[in-house]
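K.L.:
Can you look at this prediction? I've put the sequence above it.
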Amino acid sequence: MANTKSALKRANIAERNRLRNKTYKSAVKTLMKKYLTVVASYAANPTPELKQQVDERLAEAYSKIDKAVKRGILHPNNGARKKSRLAHKLKPVT
């Protein structure tokens, strides 16, 4: 346990930041999973409506990843890798 007032404050701040980072990382994972399910359904039955949905989900995921990188929650290379993998999943389908 923290012995000084400043150490206690740092522990509180670290916990607050941990929870904030956790929500961002969780949201990124959720959006990535939603995108992958739409890509799978598009691969099974390519229609213009599903293509539009794929593009929307990809934009949402990219946006959330970029915001997480901007706020320092994800390392820039980690964000770039996630975006690259998302784009790569769609390439064989089109």
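P.N.:
On my side now, so go ahead.
K.L.:
Where does the one residue sitting closest to the centre of the chain sit, in terms of helix or strand?
P.N.:
The centre of the chain sits closest to Val28, judged by Cα atoms, centre = their mean, with a distance of 2.2 Å. Using DSSP states H and E, Val28 sits in helix 5-44.
K.L.:
For whichever helix or strand comes after that helix, which helices and strands make contact with it?
P.N.:
Once helix 5-44 ends, the next helix or strand along the chain (criterion: DSSP H and E) is helix 48-70. If contacts are counted by 3 or more Cβ pairs under 8 Å, 6 or more residues apart in numbering; DSSP states H and E, helix 48-70 sits against helix 5-44, helix 76-90. (Glycine included, C-beta is placed from N, CA and C.)
K.L.:
Also compute the angle for helix 48-70 relative to helix 5-44, please.
P.N.:
160 degrees (axes from the mean of the first three to the mean of the last three Cα atoms, to 10 degrees).
K.L.:
what's the helix holding Val28 packed up against?
P.N.:
Taking 3+ Cβ pairs under 8 Å, 6+ apart as the contact cut, helix 5-44 packs with helix 48-70, helix 76-90.
K.L.:
Tell me the buried residues in that helix?
P.N.:
By neighbour count on 16 or more other Cβ atoms under 10 Å, the buried set for helix 5-44 is 24, 27-28, 31-32, 35-36, 38-39, 42.
K.L.:
what is the rounded mean pLDDT of stretch 43-53?
P.N.:
Across stretch 43-53, pLDDT averages out at 93.
K.L.:
what's the first-to-last distance across it?
P.N.:
Using Cα to Cα, to the nearest Å, the end-to-end distance of stretch 43-53 comes to 13 Å.
K.L.:
Go through it and flag the buried ones.
P.N.:
Quick answer for stretch 43-53 (16+ other Cβ under 10 Å): 50, 53.
K.L.:
contact partners of stretch 40-51?
P.N.:
If you take Cβ atoms under 8 Å, 6 or more residues apart in numbering as the criterion, stretch 40-51 is touched by 38, 53-54, 92-93.
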